[in-house]
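# requesting a structural model of the entry that follows:
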Amino acid sequence: MKKARATLDRVLSKAGIASRTTTREWIEEGRVKVNGRVIRNPDHWVETVKDVVHLDGLKIREEKKMYIALNKPGGVVTSFGDKRKKLDRWVFPVGRLDMDTSGLLILTNDTQYGEALLQPESKIPKTYYVKAAGVFAAGDYFDLAYGLDIGRGETSGRAIVREVRVSDKYTWFELTITEGKNRQVRRMCDAIGHAVLKLVRIRIGDLSLGDLPVGQFKVLNHEEAQKALQK
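Presented below is the predicted three-dimensional model:
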(Lines give C-alpha, C1' and ligand atoms only; values in the text may rest on other atoms or scores of the structure.)
Protein backbone atom coordinates (compact mmCIF):
# COMPACT_ATOMS: atom_id res chain seq x y z
CA MET A 1 0.00 0.00 0.00
CA LYS A 2 1.29 3.44 -0.93
CA LYS A 3 2.17 5.58 2.07
CA ALA A 4 0.31 8.87 2.59
CA ARG A 5 3.05 11.48 2.35
CA ALA A 6 3.25 15.25 2.05
CA THR A 7 5.86 17.94 2.50
CA LEU A 8 5.99 19.55 5.92
CA ASP A 9 4.82 22.96 4.70
CA ARG A 10 1.81 21.35 3.03
CA VAL A 11 0.91 19.38 6.16
CA LEU A 12 0.76 22.63 8.12
CA SER A 13 -1.18 24.58 5.49
CA LYS A 14 -3.72 21.75 5.03
CA ALA A 15 -4.33 21.81 8.77
CA GLY A 16 -5.75 25.29 8.25
CA ILE A 17 -3.04 27.16 10.11
CA ALA A 18 -1.72 29.55 7.49
CA SER A 19 -0.62 29.81 3.88
CA ARG A 20 2.25 27.65 2.64
CA THR A 21 4.42 30.77 2.34
CA THR A 22 3.91 31.56 6.02
CA THR A 23 4.35 27.96 7.19
CA ARG A 24 7.64 27.73 5.29
CA GLU A 25 8.90 30.74 7.24
CA TRP A 26 7.85 29.14 10.54
CA ILE A 27 9.64 25.91 9.65
CA GLU A 28 12.84 27.73 8.74
CA GLU A 29 12.63 29.60 12.08
CA GLY A 30 12.79 26.27 13.92
CA ARG A 31 9.27 26.40 15.34
CA VAL A 32 8.21 23.01 13.97
CA LYS A 33 9.05 19.52 15.23
CA VAL A 34 8.42 16.15 13.57
CA ASN A 35 8.45 13.22 15.98
CA GLY A 36 10.12 15.42 18.59
CA ARG A 37 12.91 16.67 16.31
CA VAL A 38 13.18 20.25 15.01
CA ILE A 39 12.93 20.30 11.21
CA ARG A 40 13.98 23.44 9.32
CA ASN A 41 13.41 22.11 5.81
CA PRO A 42 9.90 22.99 4.52
CA ASP A 43 10.22 20.25 1.87
CA HIS A 44 10.85 17.53 4.44
CA TRP A 45 8.61 14.56 3.70
CA VAL A 46 6.10 13.59 6.36
CA GLU A 47 4.17 10.33 6.59
CA THR A 48 0.82 11.88 7.46
CA VAL A 49 -0.62 8.81 9.18
CA LYS A 50 2.38 7.93 11.34
CA ASP A 51 4.43 11.08 11.95
CA VAL A 52 3.54 13.55 14.70
CA VAL A 53 3.99 17.27 13.95
CA HIS A 54 4.09 20.06 16.53
CA LEU A 55 4.11 23.84 16.00
CA ASP A 56 5.23 25.88 19.01
CA GLY A 57 4.55 22.82 21.17
CA LEU A 58 1.01 22.24 19.89
CA LYS A 59 0.13 19.09 17.99
CA ILE A 60 -0.97 19.71 14.41
CA ARG A 61 -3.82 17.78 12.86
CA GLU A 62 -6.62 18.39 10.43
CA GLU A 63 -9.49 19.06 12.75
CA LYS A 64 -12.75 20.82 13.32
CA LYS A 65 -12.63 24.50 12.49
CA MET A 66 -12.48 26.84 15.47
CA TYR A 67 -13.58 30.47 15.66
CA ILE A 68 -12.83 32.69 18.65
CA ALA A 69 -13.82 36.23 19.61
CA LEU A 70 -11.23 37.91 21.84
CA ASN A 71 -11.63 41.22 23.65
CA LYS A 72 -8.07 42.46 23.31
CA PRO A 73 -6.92 44.93 25.97
CA GLY A 74 -5.14 48.12 24.99
CA GLY A 75 -1.44 48.50 25.68
CA VAL A 76 -0.43 45.03 24.47
CA VAL A 77 0.23 43.52 21.06
CA THR A 78 -1.90 40.49 21.94
CA SER A 79 -3.13 38.98 25.18
CA PHE A 80 -4.11 35.52 23.99
CA GLY A 81 -0.83 33.99 25.19
CA ASP A 82 -1.29 30.95 27.40
CA LYS A 83 -5.03 30.84 26.74
CA ARG A 84 -4.20 29.42 23.29
CA LYS A 85 -2.60 26.38 24.93
CA LYS A 86 -5.83 25.62 26.77
CA LEU A 87 -7.49 25.07 23.39
CA ASP A 88 -4.96 22.35 22.44
CA ARG A 89 -4.86 23.57 18.85
CA TRP A 90 -3.31 26.35 16.83
CA VAL A 91 -5.29 29.46 15.94
CA PHE A 92 -4.16 32.70 14.32
CA PRO A 93 -5.48 36.28 14.54
CA VAL A 94 -7.46 37.56 11.57
CA GLY A 95 -5.96 40.96 10.87
CA ARG A 96 -4.57 43.07 13.65
CA LEU A 97 -5.27 45.70 16.25
CA ASP A 98 -2.41 48.04 17.08
CA MET A 99 -0.99 48.08 20.58
CA ASP A 100 -3.09 51.01 21.81
CA THR A 101 -6.37 49.72 20.35
CA SER A 102 -8.63 47.33 22.24
CA GLY A 103 -11.71 45.35 21.35
CA LEU A 104 -12.89 42.61 19.05
CA LEU A 105 -10.26 40.39 17.46
CA ILE A 106 -11.14 37.12 15.71
CA LEU A 107 -8.87 34.09 15.92
CA THR A 108 -9.36 30.91 13.91
CA ASN A 109 -7.70 27.91 12.27
CA ASP A 110 -9.84 28.36 9.14
CA THR A 111 -7.61 30.04 6.56
CA GLN A 112 -10.38 30.44 3.98
CA TYR A 113 -12.55 32.22 6.54
CA GLY A 114 -9.65 34.48 7.50
CA GLU A 115 -8.91 35.36 3.90
CA ALA A 116 -12.59 36.15 3.25
CA LEU A 117 -12.54 38.66 6.12
CA LEU A 118 -9.30 40.32 5.03
CA GLN A 119 -9.73 40.61 1.27
CA PRO A 120 -10.14 44.32 0.41
CA GLU A 121 -12.88 43.54 -2.10
CA SER A 122 -14.95 41.94 0.67
CA LYS A 123 -15.53 45.40 2.20
CA ILE A 124 -16.51 43.94 5.57
CA PRO A 125 -17.66 46.81 7.82
CA LYS A 126 -15.77 47.30 11.08
CA THR A 127 -17.18 49.58 13.75
CA TYR A 128 -15.10 51.42 16.34
CA TYR A 129 -16.02 53.33 19.48
CA VAL A 130 -13.82 56.43 19.57
CA LYS A 131 -13.03 59.01 22.24
CA ALA A 132 -11.32 62.02 20.66
CA ALA A 133 -9.90 65.24 22.03
CA GLY A 134 -11.91 68.41 21.50
CA VAL A 135 -15.43 69.16 20.30
CA PHE A 136 -16.23 68.24 16.72
CA ALA A 137 -17.69 70.77 14.31
CA ALA A 138 -20.28 69.68 11.76
CA GLY A 139 -17.60 69.77 9.08
CA ASP A 140 -15.50 67.25 10.99
CA TYR A 141 -18.26 64.65 10.82
CA PHE A 142 -18.72 65.42 7.12
CA ASP A 143 -15.02 64.91 6.39
CA LEU A 144 -14.93 61.60 8.25
CA ALA A 145 -18.04 60.38 6.44
CA TYR A 146 -17.09 61.38 2.91
CA GLY A 147 -13.34 60.75 2.94
CA LEU A 148 -10.21 62.81 3.42
CA ASP A 149 -6.47 62.85 2.92
CA ILE A 150 -4.89 60.77 5.71
CA GLY A 151 -1.28 61.18 4.59
CA ARG A 152 1.25 58.83 2.99
CA GLY A 153 -0.52 59.42 -0.32
CA GLU A 154 -3.69 57.72 0.94
CA THR A 155 -7.29 58.85 1.34
CA SER A 156 -10.03 57.28 3.40
CA GLY A 157 -13.19 56.03 1.74
CA ARG A 158 -16.74 56.69 2.81
CA ALA A 159 -17.63 55.90 6.40
CA ILE A 160 -20.61 55.94 8.73
CA VAL A 161 -20.31 58.28 11.71
CA ARG A 162 -22.65 58.38 14.70
CA GLU A 163 -22.16 60.86 17.53
CA VAL A 164 -22.57 59.27 20.96
CA ARG A 165 -21.96 62.20 23.31
CA VAL A 166 -19.97 65.42 23.66
CA SER A 167 -18.46 67.26 26.63
CA ASP A 168 -16.60 70.55 26.72
CA LYS A 169 -13.30 68.67 26.16
CA TYR A 170 -14.07 65.42 24.38
CA THR A 171 -16.19 63.83 21.66
CA TRP A 172 -17.33 60.23 21.70
CA PHE A 173 -18.60 58.65 18.50
CA GLU A 174 -18.93 55.42 16.52
CA LEU A 175 -17.14 55.08 13.19
CA THR A 176 -17.77 52.30 10.66
CA ILE A 177 -15.25 51.76 7.87
CA THR A 178 -14.84 49.08 5.20
CA GLU A 179 -11.11 49.53 4.68
CA GLY A 180 -8.10 48.33 6.63
CA LYS A 181 -5.34 50.87 6.15
CA ASN A 182 -2.66 50.97 8.83
CA ARG A 183 -3.88 52.92 11.90
CA GLN A 184 -6.64 54.30 9.70
CA VAL A 185 -9.05 55.59 12.36
CA ARG A 186 -6.29 57.44 14.19
CA ARG A 187 -5.03 58.96 10.95
CA MET A 188 -8.54 60.05 9.97
CA CYS A 189 -8.97 61.85 13.28
CA ASP A 190 -5.49 63.37 13.10
CA ALA A 191 -6.42 64.75 9.67
CA ILE A 192 -9.28 66.77 11.19
CA GLY A 193 -7.18 67.91 14.13
CA HIS A 194 -8.57 65.67 16.87
CA ALA A 195 -6.29 63.15 18.56
CA VAL A 196 -7.74 59.74 19.41
CA LEU A 197 -7.63 59.11 23.16
CA LYS A 198 -9.43 55.77 23.21
CA LEU A 199 -10.21 53.33 20.40
CA VAL A 200 -12.23 50.14 20.74
CA ARG A 201 -13.36 47.88 17.91
CA ILE A 202 -16.89 46.86 18.85
CA ARG A 203 -18.15 45.09 15.72
CA ILE A 204 -16.98 43.19 12.64
CA GLY A 205 -19.77 42.67 10.13
CA ASP A 206 -22.73 41.67 12.28
CA LEU A 207 -20.56 40.14 15.00
CA SER A 208 -20.55 42.38 18.08
CA LEU A 209 -18.20 42.47 21.04
CA GLY A 210 -21.20 42.59 23.35
CA ASP A 211 -20.43 42.21 27.06
CA LEU A 212 -17.33 40.04 26.62
CA PRO A 213 -14.92 41.11 29.40
CA VAL A 214 -11.58 42.68 28.50
CA GLY A 215 -8.88 40.03 28.12
CA GLN A 216 -11.38 37.18 27.78
CA PHE A 217 -12.39 35.12 24.76
CA LYS A 218 -15.43 33.23 23.58
CA VAL A 219 -15.54 30.21 21.25
CA LEU A 220 -18.03 30.94 18.47
CA ASN A 221 -20.26 28.42 16.77
CA HIS A 222 -20.44 28.39 12.98
CA GLU A 223 -23.51 30.64 12.81
CA GLU A 224 -21.93 33.23 15.12
CA ALA A 225 -18.69 33.21 13.14
CA GLN A 226 -20.56 33.79 9.88
CA LYS A 227 -22.01 37.02 11.29
CA ALA A 228 -18.59 38.63 10.85
CA LEU A 229 -18.89 38.15 7.09
CA GLN A 230 -22.20 40.01 6.86
CA LYS A 231 -22.10 43.41 5.17
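
# can you give me the distance of residue 173 to residue 101?
16 Å (C-beta to C-beta, to the nearest Å). (Glycine included, C-beta is placed from N, CA and C.)

# so who does the residue lying closest to residue 194 once chain neighbours are set aside touch?
Closest residue in space to residue 194, ignoring its immediate chain neighbours: residue 132 at 4.2 Å, by C-beta to C-beta, 6 or more residues apart in numbering. Contact analysis of residue 132 by C-beta atoms under 8 Å, 6 or more residues apart in numbering lists 170, 171, 172, 173, 189, 194, 195, 196, 197.

# narrow those residues to those in strands?
Counting by DSSP state E, the part of those found in strands is 170, 171, 172, 173, 196, 197.

# was I right about the third one contacting residue 129?
The reference is to residue 172. Yes: counting by C-beta atoms under 8 Å, residue 129 is a contact partner of residue 172 at 7.3 Å.

# more crowded one of these two?
Taking other C-beta atoms under 10 Å, residue 172 and residue 129 do not tie; residue 129 has more neighbours (18 against 15).

# quick one: the helices in this protein?
8-14, 20-28, 83-86, 111-118, 138-146, 184-191, 222-227 (DSSP state H).

# a markdown table for the ones you listed, including mean pLDDT, distance to residue 215 and mean neighbour count?
Listed next are those as a markdown table, based on pLDDT from 0 to 100; distance: least, C-beta to C-beta, whole Å; neighbours: other C-beta atoms under 10 Å:
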| stretch | mean pLDDT | distance to residue 215 | mean neighbour count |
| --- | --- | --- | --- |
| helix 8-14 | 86 | 29 | 22 |
| helix 20-28 | 91 | 26 | 17 |
| helix 83-86 | 54 | 9 | 13 |
| helix 111-118 | 87 | 22 | 16 |
| helix 138-146 | 97 | 30 | 15 |
| helix 184-191 | 97 | 22 | 20 |
| helix 222-227 | 96 | 20 | 14 |
